[in-house]
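# I need the structure of the sequence given here:
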Amino acid sequence: MSSEMPAENLLSTDVPDVEEKINSNENQVKKEEPGSDKTESIGVMSKRQMKKLMKQKQWEEQRDLRRQRRKEKRQKRKLERQYQLESNNEGSDRKRIRRDVLPSTLRLIIDCSFDNLMVLKDVKKLHKQIQRCYAENRKALHPVQFYLTSHGGQLKNNMNENDKGWVNWKDIHISSEHYNELMKKEDLVYLTSDSPDVLNELDETKAYVIGGLVDHNHHKGITYKKALEQGIGHAQLPLGNFVKMNSRKVLAVNHVFEIILSYLEKRNWKEAFFSVLPPRKGASPLDKANDSSKRELHEEEAGEDNSSDSD
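Numbering: from 1, shown residues only. The predicted model follows:
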């Protein structure tokens, strides 16, 4: 008996398999045809295509964010250019001003001999005021000959602890000696608001003394008494001739210092006062204050007249 199968049987057995393969390929082609169902298309996407699609979607979602970032960068560059331009202009102005500097021969002294009358808190305030005086004098058009006398005690210790660079300060004379030992007696003029003498003009051959004291009015008249005891000149700034104050006329050390610097530049006391005095002092021009007082008086008189008419 032969083991071979008849030819017709072989043919009938192979035909269904071929048909199934053809049908399967046709179905696969249909799935990949353009316009076929989206879900089916995604199902046959490669990983590379999936990544590309996700990147495209992310790019579109972040379009507004990119636009905002570009706008912020443009604004930042604009501000940087503006700042650079202003810095260049300021530097040019500063160079021009420094060329115009003409130092004054006037000597301005801060008397630091009141150290034992102050608590540490007030000594620190005095230190800051001195720092301000130094800075203002360095950039003034007519810087004065600046002196710190009787320098020591709490003030020096505080400066050593909090401002070690003071030892390198320029254009300033810092001495532990009293001003009497450094200046001629006839050159000295103590600036004190208690003096009956008003300083209408600055004499640049003189040495003007400012009391380095922060005492909150605990030691009234102490600088005036000191000037009398030492037999030296004394005077007050002509504040009352130009300014009406809501507070007491006693000014901080740096305010007196800055007013004198301003006067040396402007040669006008009124302008000097109002360029320096802080708003909290409630300073107003004396002429306007007088006009206001006259107006209030007139209104009061008018009110009294109306009241008498009604009676």
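# Now stretch 269-281: buried residues?
Neighbour-count burial for stretch 269-281, with 16 or more other CB atoms under 10 Å as criterion, is recorded at W269, K270, A272, F273, F274, V276, L277, K281. Heads up, the C-betas are built off the backbone N, CA and C, glycines and all.
# What is the subsequent helix or strand relative to the host helix or strand of N254?
Counting by DSSP states H and E, the element that carries N254 is helix 253-266. For helix 253-266, the succeeding helix or strand toward the C-terminus, using DSSP H and E, is helix 269-276.
# quick one: average confidence on that following helix?
For helix 269-276, mean pLDDT is 92.
# Stretch 121-140 too?
For stretch 121-140, the per-residue pLDDT values average out at 96.
# all numbers from here: first residue = 114
Okay, using 114 as the starting number, the last item reads as stretch 234-253.
# Distance from the chain centre to it, please.
Centroid separation for stretch 234-253 versus its chain: 17 Å, with CA atoms, centre = their mean, to the nearest Å.
# Contacts for it, please.
Stretch 234-253 is contacted from outside by 210, 214, 223, 225, 228, 231, 256-257, 259, 261, 267-268, 271-272, 275-276, 282-285, 325-329, 365-367, 370-371, 374, 377-378, using CB atoms under 8 Å, 6 or more residues apart in numbering.
# mind checking how far T336 is from K170?
Distance check for T336 against K170: by CB to CB, to the nearest Å, it reads 80 Å.
# tell me the contacts of V214?
Listed by CB under 8 Å, 6+ apart, the contact set of V214 reads A253, L254, H255, P256.
# re earlier: which ones among the contacts of stretch 234-253 lie within helices?
Within the contacts of stretch 234-253, membership in helices is found for 210, 267-268, 271-272, 275, 366-367, 370-371, 374, 377-378, as judged by DSSP state H.
# Which among those residues count as buried?
Those of the ones in helices among the contacts of stretch 234-253 that meet the buried threshold are Q267, L268, M272, V366, N367, F370, E371, L374, L377, by 16+ other CB under 10 Å.
# Columns distance to E294 on top of the residues you listed, output as a markdown table?
Rendered in a markdown table, the data for these read as follows (distance: CB to CB, whole Å):
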| residue | distance to E294 |
| --- | --- |
| Q267 | 21 |
| L268 | 18 |
| M272 | 21 |
| V366 | 21 |
| N367 | 25 |
| F370 | 22 |
| E371 | 27 |
| L374 | 26 |
| L377 | 26 |
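# Closest to E342 out of those?
Comparing these against E342 with CB to CB places V366 closest, at 21.1 Å.
# tally of neighbours for the nearest residue to the closest one once chain neighbours are set aside?
By the measure of CB to CB, 6 or more residues apart in numbering, the closest residue to V366 outside its immediate chain neighbours is Q242, 4.4 Å from it. Around Q242 there are 20 other residues, counting by other CB atoms under 10 Å.
# Please identify the helix or strand for Q242.
Element membership for Q242 (DSSP H and E) is helix 233-252.
# between that helix and helix 266-275, how big is the angle?
With axes from the mean of the first three to the mean of the last three CA atoms, to 10 degrees as the basis, helix 233-252 and helix 266-275 are set at 70 degrees to each other.
# and helix 233-252, C-alpha only, in CSV?
The C-alpha trace of helix 233-252 is given here as CSV (Å, rounded to 0.1, in the frame of the first residue of the first chain):
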residue,chain,number,x,y,z
LEU,A,233,24.8,103.2,73.4
LYS,A,234,21.6,103.5,71.4
ASP,A,235,22.1,107.2,70.9
VAL,A,236,25.8,106.7,70.2
LYS,A,237,24.9,104.5,67.3
LYS,A,238,22.6,107.2,66.0
LEU,A,239,25.4,109.7,66.2
HIS,A,240,27.6,107.3,64.3
LYS,A,241,25.1,107.1,61.5
GLN,A,242,24.8,110.8,61.4
ILE,A,243,28.6,111.2,61.1
GLN,A,244,28.5,108.6,58.3
ARG,A,245,26.0,110.7,56.5
CYS,A,246,28.1,113.9,56.9
TYR,A,247,31.1,112.1,55.5
ALA,A,248,29.2,110.8,52.5
GLU,A,249,27.6,114.2,51.7
ASN,A,250,30.9,116.1,52.1
ARG,A,251,32.6,113.6,49.7
LYS,A,252,30.2,114.4,46.9
